[in-house]
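A.B. asks: below are the sequence and a predicted model for it; my questions follow.
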Amino acid sequence: MPIVAQSTETTDWVSRFADEVIEESERRAPGKPLVVASGLSPSGPIHLGNLREVMTPHLVADEIRRRGYQVRHLISWDDYDRYRKVPAGIAGIDDSWGEHIGKPLTSVPAPKGSAHPNWAEHFKAAMTQSLAELGVEFDGISQTAQYTSGVYREQILHAISHRAEIDAILDQYRTKKAPAKQSQKPVDAAELEAAEGSGAASEEDGSRGSAGYFPYKPYCGNCEKDLTTVTAYDDDSTELTYTCTACGFSETVRLNEFNRGKLVWKVDWPMRWAYEGVVFEPSGVDHSSPGSSFQVGGQIVGIFGGKQPIGPMYAFVGISGMAKMSSSRGGVPTPADALKIMEPQLLRWLYARRRPNQSFKIAFDQEIQRLYDEWDKLDAKVADNSALPGDIAAHSRAVRTASGELPRTPRPMPYRTLASVADITAGHEDQVLRILSELDPANPLAALDEVRPRLDKAEAWINTHVPADQRTIVRDEPDHELLKSLDEQAQRSLRLLLDGLAEHWSLDGLTHLVYGVPKVQAGFPADATPKELPPEIKTSQRTFFALLYHLMVGRDTGPRLPTLLLAVGQERVRKLLGE
């Protein structure tokens, strides 16, 4: 089975795959555009695990384009698949959706309130919009359009005439059980849903009735469901008779002119590899176990005169903070959910920096702030030519494609700072501009557009993913009881801070001031480095910070103190600290 080797090197995995794809394409189809492929089932929200199905070939295709080759990235929308189950967000709310199970996804009504004509188009639209924001160029292929227009008629008839060979291949695996998958940690229902893959792989390999094994399923001419059994077939005339077990309808059709059915998944996928000439297509863990669709397809594709694509197995994409999110949403997050709180460059980077066989997590909780800090440090290293080659490559793939650079925030201030300001000000733009313009008095911010869209993403994160009890509410009045109870050392620490406010009123200045007060109290210079200080200074700093938080927001933690002080404003800070 031709699988691309999984290198353990830390250099750029995309370039290595691109080398192999170019070499393989020139061996198979010299002079023709290279073809890479993805498959997505719009059976419900297309989540961030499914996005790896697209980003892996996209990054390889984009590298090939950068080298001057013609390349097609196909996305097969498996919208002619059966409607298998009602998504978690709808199940239990509206039982009527269960009536459509077994119909093609394009024959199921769109969710209520949707502007789209059917279920598949509704979920395709959201993913298409996200891919546009991510800079992913692709050729979309609707499998409903392909099958119902007769594009695959020759391939269907060919599969049926070779059904005994297909059955023999599949029979090698029917009695074999895949080894049980071991998990290092328990997973919740949402994580299991995320691990399912695109949804296209129902792992169905055909039906067996009075006509013998059959790798093709007609959709019923009465109820539109695929709960049909082929009862007779004549190879010479292609006359096929089926009965629907759902409604009892039966009819006889000529398959050489019939367009209301499809090959079963384990035959459909390799047929398309051969038809489209796919050279590279990754597969999820659900497709790659012994006897699964990718392995079996590698043998069946030869019946159609094609070869199996090369491609890696890609690993699970987890979500940091998903349990809380999924319980309220009824499903796992989608690319659109991620793009509401992070810029496309960051999301692209998360997929580009890890090899496909490495799992990783996408943060919807406080971890997103650390990820953004890491991204900004990389950005700075790339700018001053101090980044490692592999990191430079991942950064380049995040910020631009072969078609050009993605739109970016003109002045990317730290995400955690923007989130804190949005939190403290409740999004009031005049207040936000005032605070942000004071962060760097030597180079004040002139307009909020300079920090957009990052500011909007940070504000969306604060409003949708930070629990109410963790939001920052600044006190209206001083905590007189706490102020009266302070000992002499605590009072002196507040005095030192208040005396330095005017002189240090900038982000850097206030950072120096709040960290410096405990040092000065202990008899050290304010600019003494950690190496020059005893360990107990850190304890004094934590105690001082907790006091400031209690006096300003009534908790012992909160946004970074320099940002909080700027946001509250000098006059109000002085009032709350008892001056």
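C.D. replies: Sure thing, it's come through.
A.B. asks: in the stretch 351-500 of the chain, what spans have low per-residue confidence?
C.D. replies: For the stretch 351-500 of the chain, applying pLDDT under 70 flags no range at all.
A.B. asks: for it, which segments are assigned as helices?
C.D. replies: 367-383, 389-399, 415-425, 429-439, 454-465, 480-485, 488-500 (DSSP state H, counting those that start in this stretch).
A.B. asks: put together JSON lines for those helices, with distance to residue 31 on each row.
C.D. replies: C-betas here are computed from N, CA, C, even on glycine. Converted to JSON lines, the helices of the stretch 351-500 of the chain look like this (distance: least, C-beta to C-beta, whole Å):
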{"stretch": "helix 367-383", "distance to residue 31": "36"}
{"stretch": "helix 389-399", "distance to residue 31": "27"}
{"stretch": "helix 415-425", "distance to residue 31": "47"}
{"stretch": "helix 429-439", "distance to residue 31": "55"}
{"stretch": "helix 454-465", "distance to residue 31": "44"}
{"stretch": "helix 480-485", "distance to residue 31": "78"}
{"stretch": "helix 488-500", "distance to residue 31": "72"}
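A.B. asks: indicate which one of those helices is closest to residue 163.
C.D. replies: helix 389-399 (43.9 Å; C-beta to C-beta).
A.B. asks: give me the number of residues near residue 441?
C.D. replies: Residues near residue 441, counting by other C-beta atoms under 10 Å, number 12.
A.B. asks: can you pull the contacts of it?
C.D. replies: The contact partners of residue 441, by C-beta atoms under 8 Å, 6 or more residues apart in numbering, come to 505-506.
A.B. asks: ok, residue 340 next?
C.D. replies: Taking C-beta under 8 Å, 6+ apart as the test, what residue 340 contacts is 457, 460, 464.
A.B. asks: next one: residue 137
C.D. replies: 58, 61-62, 73, 401, 403.
A.B. asks: so which of the contacts of residue 340 wins on neighbours?
C.D. replies: Ranked by neighbour count (other C-beta under 10 Å), those have residue 457 at the top, with 24 neighbours.
A.B. asks: ok so, going back, any of the contacts of residue 137 buried? List them.
C.D. replies: Neighbour-count burial (16 or more other C-beta atoms under 10 Å) applied to the contacts of residue 137 gives 58, 61-62, 73, 401.
A.B. asks: among those, which two are most distant?
C.D. replies: That would be 73 and 401, which, of the buried ones among the contacts of residue 137, are the farthest apart (C-beta to C-beta) at 11.1 Å.
A.B. asks: ignoring the adjacent residues along the chain, who's closest to residue 501?
C.D. replies: Spatial nearest neighbour of residue 501, excluding adjacent residues (C-beta to C-beta, 6 or more residues apart in numbering): residue 570 at 5.7 Å.
A.B. asks: ok, that neighbour - contacts?
C.D. replies: By C-beta under 8 Å, 6+ apart, residue 570 lies in contact with 501-502, 505.
A.B. asks: what's the answer for residue 439, then?
C.D. replies: Residues counted as contacts of residue 439 (C-beta under 8 Å, 6+ apart) are 413, 417, 445, 506-507, 566.
A.B. asks: residue 319 bridge partners, please.
C.D. replies: Under DSSP bridges, the beta-bridge partners of residue 319 are residue 362.
A.B. asks: out of the contacts of residue 570, which are buried?
C.D. replies: 501, 505.
A.B. asks: of the contacts of residue 570, closest to residue 382?
C.D. replies: Taking the contacts of residue 570 together and measuring to residue 382 by C-beta to C-beta, the closest member is residue 505, at 32.2 Å.
A.B. asks: what sits against the closest one?
C.D. replies: Residues near residue 505 by C-beta under 8 Å, 6+ apart: 438, 441, 566, 570.
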